[in-house]
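Novice: okay, sequence plus prediction incoming.
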Amino acid sequence: MSSSRKRSSLRSPFILKLALIVVAMVAIFVVDTGTSYEVAAAVFYAVVIVTAAHVLSRRGLVVLCAICVGVTLLSVAITPHGDFRAGLINTGISIAAILMTTYLILKMEAARMAAHDAQAQLMRISRVKSLEGLTTSIAHEVNQPLAAIVASGNACQRWLAQTPPNLEKARSALERILNDAGRASSIIARVRSLTRGEPPHKREFEFNEAVLDVLALSNAEIVRNNIALTTELDPGLAYALADRIQIQQVIGNLVLNAVEAMAEISTQARVMRVSSVAKDHMIVLSVFDSGVGISPDVYEHMFEAFWTTKEEGIGVGLSISRAIIESNGGQLWAESNEHGGAVFRFSVPTILQEGRA
Ligand code: ADP
């Protein structure tokens with residue numbers, strides 16, 4: 001009994017708001033029909049729609065929009081006095097305001113949902129223990145667009161609630177929301193593409209085979225950028241003992257960075273060399289490129305999260321790659337390539353290392 005009382009007490013503000021919306025609509029209809037054609041009272045239906053946005057679902061809002069348009073047309077048909085031409089123009093303006101307001105509110109809701117999804121994903125990523133330090137900065141970085149979305153959402157609501165609604169300002173607030181939501185999701189997509197959100201599943205695997213798989217996947221990008229690729233893979237390597245998929249994600253990221261570093265230069269031949277060697281019961285993989293190289297100030301920051309020199313870059317690739325390699329028991333570092341360009345190297349344990357330990 002108490003739960004049904006609780007449910008009914010929860011529902012009563014909803015019913016009250018719905019009743020207010022109906023009363024407001026009836027009042028607008030009476031004024032719109034009772035006054036002459038020159039009075040465009042129907043434009044106030046837009047305000048009703050803004051108010052109803054807090055109460056109704058998306059479908060409910062579309063139905064309400066259709067009702068508002070319907071009663072606006074009905075009102076113009078039965079208004080007894082005034083200039084009919086002015087009435088038609090006013091009706092057109094009112095209907096445009098009703099439709100635009102509904103459209104903007106629906107878009108705003110979609111943007112809010114996108115931000116909500118991004119936040120939920122972020123929570124999942126934050127649970128990964130091995131990337132703990134990194135997730136703090138990822139959380140910070142994703143929270144910035146989310147906070148901006150909330151601020152722009154509030155501004156958008158204020159512009160819509162004005163009478164008449166300031167649709168232009170609302171539209172630009174909405175555009176900011178969509179941009180920020182896009183930024184938040186691209187950060188998360190990049191993080192997710194490098195981590196499966198799980199600690200490493202360490203297994204034995206044939207290292208060179210894993211490298212060749214990644215290179216085959218990256219081949220189209222390498223060919224498209226006119227890069228000459230060579231491999232020097234030591235055939236006598238012991239089995240690697242690490243998470244194969246995570247290691248492949250790191251290799252893919254280093255190859256992609258090498259491709260991007262070479263895309264920026266056009267003066268010399270684009271050459272990429274991938275080598276694997278055994279060292280102290282570990283395997284060391286190196287990716288050499290003939291790209292822009294690493295200047296001292298880039299070197300100082302490039303492993304920091306969200307540090308990038310690229311216009312479209314996010315700057316999490318290297319920091320996540322390093323965290324992945326370390327959680328697999330290896331190390332990742334960079335050097336200048338003596339022939340120009342850069343070399344990125346990482347080590348992974350083998351079954352021999354494990355046997356020794
Ligand atoms: P992003 O690729 O989004 O910028 P990363 O963390 O992968 O993020 O890289 C950070 C920065 O490190 C890059 O913006 C670039 O300045 C530098 N960098 C990475 N790889 C290379 C490379 N192969 N050659 C030169 N600079 C590189």
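Specialist: Okay, I see it.

Novice: quick one: neighbours of residue 62, just the number.
Specialist: Residue 62 sits with 13 neighbouring residues when counted by other Cβ atoms under 10 Å. C-beta here means a position set from N, CA and C on the backbone, and glycine is covered the same way.

Novice: in which helix or strand would I find it?
Specialist: For residue 62, the enclosing helix or strand under DSSP states H and E is helix 58-78.

Novice: outside of that helix, which residues touch it?
Specialist: Contacts to helix 58-78, defined as Cβ atoms under 8 Å, 6 or more residues apart in numbering, come from residues 21, 25, 29, 32-33, 37, 42, 45, 48-49, 52-53, 56, 87-88, 91, 94-95, 98-99, 102, 105-106, 109.

Novice: over to stretch 174-189?
Specialist: When contacts are defined by Cβ under 8 Å, 6+ apart, stretch 174-189 is touched by residues 104, 107-108, 111-112, 114-115, 117-118, 121-122, 125, 138, 141-142, 145-146, 148-149, 152-153, 156, 314, 316.

Novice: what about it, near the ligand?
Specialist: No: applying Cβ under 6 Å from any ligand atom, one finds stretch 174-189 separated from the ligand by no less than 10.1 Å.

Novice: what are the buried residues along that stretch?
Specialist: Judged by neighbour count using 16 or more other Cβ atoms under 10 Å, the buried positions of stretch 174-189 are 174, 176, 177, 178, 180, 181, 183, 184, 185, 187, 188.

Novice: ok, so of those residues, who is nearest the ligand?
Specialist: In terms of Cβ to the nearest ligand atom, no member of these lies closer to the ligand than residue 187, at 10.1 Å.

Novice: tell me how far the helix or strand containing the closest one lies from the chain's centre.
Specialist: When secondary structure is defined using DSSP H and E, the element that contains residue 187 is helix 167-194. In terms of Cα atoms, centre = their mean, to the nearest Å, the centre of helix 167-194 is found 6 Å from the chain centre.

Novice: immediately after that helix, which helix or strand?
Specialist: Of the helices and strands lying after helix 167-194 in sequence (DSSP H and E), the nearest is strand 203-205.

Novice: which helices and strands does that next one pack with?
Specialist: strand 240-242 (3 or more Cβ pairs under 8 Å, 6 or more residues apart in numbering; DSSP states H and E).

Novice: per-residue confidence averaged over the strand it packs on?
Specialist: Confidence over strand 240-242, taken as the mean pLDDT, stands at 96.

Novice: other SSEs contacting it?
Specialist: With contacts defined as 3+ Cβ pairs under 8 Å, 6+ apart, strand 240-242 has these neighbours: strand 203-205, strand 342-349, helix 351-356.
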